[in-house]
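S.K.: This is the structure alone, sequence omitted:
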Ligand SMILES: CC(=O)[C@@H](O)[C@H](O)COP(=O)(O)O
Ligand SMILES: NCC(=O)COP(=O)(O)O
């Protein structure tokens, strides 16, 4: 069993932006949300700017970059998305610490699968090199497939993010643990995300103790409506730093 390590929490602000976009009055204040979650103890902020700007708008990206930089203390900015030229420029121009490449088509309702690292290898390899040349950590969004981490490492990725949506809907943790171990053995940073929540995060981290970072947005935003941001971030960081069973 690997030495227990605290898992870092990156709060995805997509759903704060989604609510903000419903009216033209700037509420909820996205900048205030970013400052609040960082002050409450989140390690970083994640955004997933989609081509239709349904939630995070391209103009939000530099504003949030400045807030993460202003917070300091090693806080990180994780930008997720499909690596179109526009998205790549957004990542490069806004000092992302980590770029998480996700295979979503523009019309995707949400992210529901990882990369096919066999058929997309030739597309991804130069993109990974381009981002790494700028000092950006590159994470590839993968399915819970123990064969995926070695393929991601062969493409030059620094990290993988296991898609956890199916786990949240009842898929057993066996493949997640095997994939996490494979990432650890491949020397990759292991991230995880999608539909993680206060009710399912602990069991995931117990089964996959190599997890360096979780990015959580939908559930934490819903939970913050009842608990408030300070309390909900504290609840997640307590799970993230708790003893691994
Ligand atoms: C990649 C992933 O699982 C999430 O980060 C994604 O950002 C969710 O996107 P929506 O918030 O648009 O559903
Ligand atoms: N990479 C996962 C993420 O950033 C947030 O996903 P979700 O918690 O909104 O499902």
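M.R.: Received, thanks. What you see is a predicted model, and the numbers here were worked out from it, not measured in a lab. Ligands and ions are numbered 1, 2, ... in the order given.

S.K.: Report the beta-bridge partners for the residue nearest the centre of the chain.
M.R.: By Cα atoms, centre = their mean, the mean C-alpha position of the chain lies nearest to residue 215, the distance being 3.8 Å. For residue 215, the beta-bridge partners are residue 10, residue 193 (DSSP bridges).

S.K.: and it, what is it in contact with?
M.R.: Taking Cβ atoms under 8 Å, 6 or more residues apart in numbering, we find residue 215 in contact with 10-12, 46, 78, 80, 100, 161, 191-193. For glycine as for every other residue, the C-beta is placed from the backbone atoms N, C-alpha and C.

S.K.: Now render the residues you listed as a markdown table, adding distance to residue 199 and neighbour count.
M.R.: As requested, the contacts of residue 215 are arranged in a markdown table below (distance: Cβ to Cβ, whole Å; neighbours: other Cβ atoms under 10 Å):
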| residue | distance to residue 199 | neighbour count |
| --- | --- | --- |
| 10 | 19 | 27 |
| 11 | 17 | 29 |
| 12 | 18 | 27 |
| 46 | 20 | 28 |
| 78 | 23 | 26 |
| 80 | 23 | 29 |
| 100 | 24 | 27 |
| 161 | 21 | 30 |
| 191 | 20 | 27 |
| 192 | 15 | 28 |
| 193 | 16 | 26 |
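
S.K.: Which one of these is nearest to residue 173?
M.R.: When those are compared for distance to residue 173 (Cβ to Cβ), residue 192 comes out closest, at 11.2 Å.

S.K.: Would you quantify the distance from the residue of the chain at minimum distance from ligand 2 to residue 124?
M.R.: Evaluated by Cβ to the nearest ligand atom, the chain has residue 193 as its residue closest to ligand 2, separated by 2.6 Å. For residue 193, the distance to residue 124 under the criterion Cβ to Cβ, to the nearest Å works out to 19 Å.

S.K.: can you list the residues of this structure near ligand 2?
M.R.: Proximity of the chain to ligand 2 is confined to 12, 46, 80, 161, 193-196, 215-219 under the rule Cβ under 6 Å from any ligand atom.

S.K.: of the residues you listed, closest to ligand 1?
M.R.: Proximity of those to ligand 1 (Cβ to the nearest ligand atom) peaks at residue 194, which lies at 3.5 Å.

S.K.: Report how many residues lie close to the closest one.
M.R.: Around residue 194 there are 25 other residues, counting by other Cβ atoms under 10 Å.

S.K.: ok, it touching residue 104?
M.R.: No: applying Cβ atoms under 8 Å as the test, residue 194 and residue 104 come out as separate, 11.5 Å apart.

S.K.: Quick check: neighbours shared by those two?
M.R.: Joint contacts of residue 194 and residue 104 (Cβ under 8 Å, 6+ apart) are 110-111.

S.K.: quick one, strands of the protein?
M.R.: 8-12, 44-47, 76-81, 98-101, 137-142, 159-163, 189-193, 211-216 (DSSP state E).

S.K.: coming back round to it: just send the contacts of residue 215 back as JSON lines, with pLDDT too.
M.R.: Rendered in JSON lines, the data for the contacts of residue 215 read as follows (pLDDT from 0 to 100):
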{"residue": "10", "pLDDT": "99"}
{"residue": "11", "pLDDT": "99"}
{"residue": "12", "pLDDT": "99"}
{"residue": "46", "pLDDT": "99"}
{"residue": "78", "pLDDT": "98"}
{"residue": "80", "pLDDT": "98"}
{"residue": "100", "pLDDT": "98"}
{"residue": "161", "pLDDT": "98"}
{"residue": "191", "pLDDT": "98"}
{"residue": "192", "pLDDT": "98"}
{"residue": "193", "pLDDT": "98"}
